[in-house]
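**Student:** coordinates only, no sequence provided:
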């Protein structure tokens, strides 16, 4: 089921989403200050490319991670989380879309606090 879900995901937007996150990461890595944010975009791109069978574990991020998560949340995170929550709810309206909606809930969790999160 994981392979089939990932294959359907790739065909209907997973590749485009991963490309968009990778481009955002590259743009953020242009400046030295943006490199940590760019690395988190690459983490999210990997999850967006192949989400089924993977989980997000929010770990210990320390003081530096807390500060970076607060900056991320203020600059990018809350918009991304709301967007993924809305898309997830729309997918969950139909029975066929529930697995895809659950993936968007996973993206919403990661988009809130990417620093210290581990994707397994």
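**Tutor:** Cool, the structure landed. Since the model is a prediction, treat every value here as computed from it, not as a measurement.
**Student:** name the residues of stretch 113-120 that are buried.
**Tutor:** Along stretch 113-120, these residues count as buried under the neighbour rule (16 or more other CB atoms under 10 Å): 113, 114, 115, 116, 117, 119. From N, CA and C alone the C-beta is placed, and that goes for glycine too.
**Student:** stretch 6-25 too?
**Tutor:** Taking 16+ other CB under 10 Å as the neighbour-count basis, stretch 6-25 is seen to contain the buried residues 6, 9, 10, 14, 17, 18, 21, 22, 24, 25.
**Student:** show the end-to-end separation of it, please.
**Tutor:** As for stretch 6-25, its first-to-last residue distance stands at 22 Å under the measure CA to CA, to the nearest Å.
**Student:** quick revisit: would you mind putting the buried residues of stretch 6-25 into CSV with pLDDT, distance to residue 36 and secondary structure alongside?
**Tutor:** Below are those laid out as CSV (pLDDT from 0 to 100; distance: CB to CB, whole Å; DSSP: H, G, I helix; E, B strand; the rest coil):
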residue, pLDDT, distance to residue 36, secondary structure
6, 94, 28, helix
9, 94, 27, helix
10, 93, 28, helix
14, 89, 25, helix
17, 87, 21, helix
18, 92, 20, helix
21, 92, 15, helix
22, 95, 16, helix
24, 91, 13, helix
25, 93, 11, helix
